[in-house]
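> sequence and predicted structure, then a few things I'm wondering about:
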Amino acid sequence: MGNTSSHKQHQSLEYDQNKAVDVIIRDDHLLSPHSDADDHSSLTPVALRRQHMEEVTANRPIPSEESFQCAEITWAILSENRDGLGTEVFVRMFESYPDLKSAFGPLRHMNKKDAGYEDVLRAHGIRVLSIVEQVLSKRHNMEEVLSILHDLGRKHLTFSAKVEYIDIVSQMFLFAIESALKEKWNNSTEKSWGEIIRFVTYVMKETMVL
Ligand code: HEM
């Protein structure tokens, strides 16, 4: 069941970019304080912003311990191929969204066939995976996890990585995990990894939009 539905999503993302937009993980309420001013007419801009930040924090999608444990079990399989997995995420992303390459600083002036192109992608992919690994291993110290992800979000602002790009990475990452886990990809791995990736990107984005 999980296989079938995710396979459909996978196809739509690869072959129809417009449809892909529908399946990309979005947290639109992160983006800005309430635009519906009527609801909040008595609030000052500072109070409105504070309220928005409280909502963002309250809505933080912290994965369940069950999901962390399920992800941890399959992490052993993923980490065996961390070079390939991390590269695949970004190769896929630049194939589906070629415009994003210009936003990825080190690749801006490189072509797919240039020596070093894959090395840059591989290095970044490994960094992405090391963040996932830290989230899994440090999850019992949530303050530290939040601080790592907030710092990472701030850094990505300086790398010109927009919030939408982070959403795209999260979707590509799930597809790469699906193909790496093969028959181990089922409803519970899909749910667990979905929760973890959503959490990582949500918290990164907190410091990119607030
Ligand atoms: C889930 C999403 C992502 C994660 C977890 C992630 C993780 C990381 C990490 C850990 C670093 C190293 C930071 C440091 O130097 O301390 C990094 C660097 C960088 N990231 Fe990301 N990243 C993500 C998405 C993106 C996206 C979407 C872009 C742009 C399209 C991007 C562009 C960069 C650039 C340009 C660097 C610096 C050069 C490099 O390290 O290769 N990242 N990223």
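The structure has been received and is ready for your questions. Given the structure is predicted, the values throughout are model-derived calculations rather than measurements.
> show me where this structure has its helices.
In the chain, the helices defined using DSSP state H lie at 2-15, 17-23, 45-58, 65-80, 82-96, 117-137, 142-158, 163-181, 187-209.
> in TSV, list those along with mean neighbour count, mean pLDDT and distance to N111.
Quick note: C-beta positions are derived from backbone N, CA and C, even for glycine. Shown next, in TSV, are these (neighbours: other Cβ atoms under 10 Å; pLDDT from 0 to 100; distance: least, Cβ to Cβ, whole Å):
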stretch	mean neighbour count	mean pLDDT	distance to N111
helix 2-15	14	38	22
helix 17-23	13	35	21
helix 45-58	13	85	39
helix 65-80	16	92	29
helix 82-96	20	80	11
helix 117-137	17	89	7
helix 142-158	15	95	24
helix 163-181	21	86	20
helix 187-209	21	93	28
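> including distance to P106, could those go into JSON lines?
Output for the helices of the chain, formatted as JSON lines (distance: least, Cβ to Cβ, whole Å):
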{"stretch": "helix 2-15", "distance to P106": "25"}
{"stretch": "helix 17-23", "distance to P106": "24"}
{"stretch": "helix 45-58", "distance to P106": "31"}
{"stretch": "helix 65-80", "distance to P106": "24"}
{"stretch": "helix 82-96", "distance to P106": "11"}
{"stretch": "helix 117-137", "distance to P106": "5"}
{"stretch": "helix 142-158", "distance to P106": "14"}
{"stretch": "helix 163-181", "distance to P106": "15"}
{"stretch": "helix 187-209", "distance to P106": "19"}
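> among these, which is nearest S102?
With Cβ to Cβ, the closest approach to S102 among these belongs to helix 82-96: 10.0 Å.
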